[in-house]
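> Using only what follows, build the 3D model:
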Amino acid sequence: MKIRVERDALAEAVGWAARSLSARPAMPVLGGLLLTVQDTMLSLSGFDLEASTQVDLEVSVGQPGTALVSGRLLNEISRALPQHPVDIWLDGARLSISCGPAKFTLPTMPVEDYPRLPAMPTVAGTVDSALFATAVAQVAVAAGRDDTLPMLTGVRLEIDGDHLTMAATDRYRLAVRELTWVPSDPSGFSTQVLVPARALSEAAKSLSHAETMTIALSAPSPNAGSADGEGIIGFTGSGRRATTRLLDVQFPPYRTLLPSDWSSHAEIEVAALAEAVRRVALVAERGTPVRLEFTSDGLALSAGGEQEGLAEEQLEVAYEGEPLATAFNPSFLLDGLGALGSPAARMLFTAASKPAVLRPLAEEATDDYTYLIMPVRLPS
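The predicted structure is shown next:
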């Protein structure tokens, strides 16, 4: 194996392929990146048995061959190389790298011990990459981080014809985003799968520079009912491919949590409310809520108390309904405000003790994004 490649292109490709590598691989070979050269194309692959990444890179000089080296080390070296063309060749059991005055030799691992990468599933459809990345970011913010509750660490992906819905919850908030896409089957199909939130976020973000993204599913069933599918989901765009195993657990019936009517609502400026929440939360200890009191005169925010420090702030908002006092975890509230993607929003209430809903407010406003947040019980 022997290649010559541009330094920046190599560093970007290695960095992307290394995204799937575990910091603590179950086997040494799973910490490696597989380099495969065919004609003038270099493929870099990473796989941790759950998620895989593969990127193709055109090289100016190429001799076929394969090599498996430490992904962490290759990534660090690639980013540190000077601005010169990079020569890489296999010399026995070592991989040599030469770039201007810099030279490295890395030990290789046995290629025959490296597991076979999962095949890309059947193409399900395509979607605008930037739109999909934005939608995933809006939803994944509400996904749980506790691996002991795997059903809460995923993003529910529901496909119904050209309609795609994503949802995530950690029991304290719920985010739902709807968008349209182009299914590969003109007649459309319906299915529901649960994708690990972290893997979905990384794939969507890293492929957002492509004009469109292809989504593939292992076996999209025309009538999947309410069961989350098993198998693999894949994403491709601009010569990059990523796969991840689907979560084989049942997602909570989230639609029952969404209220259908409201007793009051407020129209807010997102940036102004976010800044006010950050300020008053400065005196709040970890886990302490920020109190919000809505009246026809506006919004009063407060946090803390006489013993640990007290913060108060008044904010002008348009509010309709009976006076209402509620409280929220400030981090969860800020996550929702940051995910709205709109300068103004509507905050909807059924009761002070019931979940509140945030939705974007704009001239072209739709109900395509909903962020539901549970209130924190106020002391009586």
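
> In the stretch 201-350 of the chain, where is pLDDT below threshold?
Scanning the stretch 201-350 of the chain for pLDDT under 70 picks out the ranges 219-230.

> for it, what spans make up the helices?
With DSSP state H, counting those that start in this stretch applied, the stretch 201-350 of the chain shows helices at 270-280, 330-339, listed in chain order.

> contacts for the last one?
Translated: helix 330-339. Residues from elsewhere that reach helix 330-339 (Cβ atoms under 8 Å, 6 or more residues apart in numbering): 137-138, 141-142, 172-173, 175, 270, 273-274, 277-278, 280-281, 284, 289-290, 303, 345, 358, 369, 371, 373. Just so you know, the C-beta spots here come from the backbone N, C-alpha and C atoms, and that holds for glycine as well.

> Cross these against strands and list the overlap.
Among these, DSSP state E puts 173, 175, 290, 303, 345, 358, 369, 371, 373 in strands.

> what sits against the first one?
Taking Cβ under 8 Å, 6+ apart, we find residue 173 in contact with 142, 332, 335, 336, 371, 372, 373, 374.

> Tell me which stretches of the stretch 1-150 of the chain form helices.
Taking DSSP H, counting those that start in this stretch as the criterion, the stretch 1-150 of the chain contains helices spanning 7-17, 71-80, 129-140.

> Among those, show me which one is buried the most.
Highest mean neighbour count among the helices of the stretch 1-150 of the chain (mean count of other Cβ atoms under 10 Å): helix 129-140, with a mean of 22.

> Compute the mean per-residue pLDDT across that one, please.
Mean pLDDT, helix 129-140: 96.

> Can I get the helices of the stretch 201-350 of the chain in a markdown table including distance to residue 20 and mean neighbour count?
Putting those into a markdown table (distance: least, Cβ to Cβ, whole Å; neighbours: other Cβ atoms under 10 Å) gives the following:
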| stretch | distance to residue 20 | mean neighbour count |
| --- | --- | --- |
| helix 270-280 | 33 | 17 |
| helix 330-339 | 25 | 20 |
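
> Adding distance to residue 79, write these out as TSV.
As requested, the helices of the stretch 201-350 of the chain are arranged in TSV below (distance: least, Cβ to Cβ, whole Å):
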stretch	distance to residue 79
helix 270-280	34
helix 330-339	29
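
> wait, which of the ones you listed is closest to residue 149?
Closest approach to residue 149 among those (Cβ to Cβ): helix 330-339, 16.9 Å.

> how distant is stretch 335-349 from the center of its chain?
In terms of Cα atoms, centre = their mean, to the nearest Å, the centre of stretch 335-349 is set 19 Å apart from its chain centre.

> okay, how far is it across that stretch, tip to tip?
Using Cα to Cα, to the nearest Å, the end-to-end distance of stretch 335-349 comes to 18 Å.

> Could you do stretch 254-264 as well?
Note: stretch 254-264 ends 22 Å apart using Cα to Cα.

> related to what we said a few turns ago, of the contacts of residue 173, closest to residue 243?
Of all those, residue 243 sits closest to residue 142, with 24.0 Å by Cβ to Cβ.

> residues contacting the closest residue to the closest one other than its chain neighbours?
Nearest residue to residue 142, sequence neighbours excluded (Cβ to Cβ, 6 or more residues apart in numbering): residue 175, at 3.8 Å. Counting by Cβ under 8 Å, 6+ apart, residue 175 touches 138-142, 167-169, 336, 339, 369-372.

> so who does the residue nearest in space to the middle of the chain touch?
Computing the C-alpha centroid of the chain and ranking residues by Cα atoms, centre = their mean puts residue 201 first, at 1.8 Å. Residue 201 makes contact with 136, 137, 140, according to Cβ under 8 Å, 6+ apart.

> thought residue 33 was touching residue 14?
Yes: counting by Cβ atoms under 8 Å, residue 14 is a contact partner of residue 33 at 6.8 Å.
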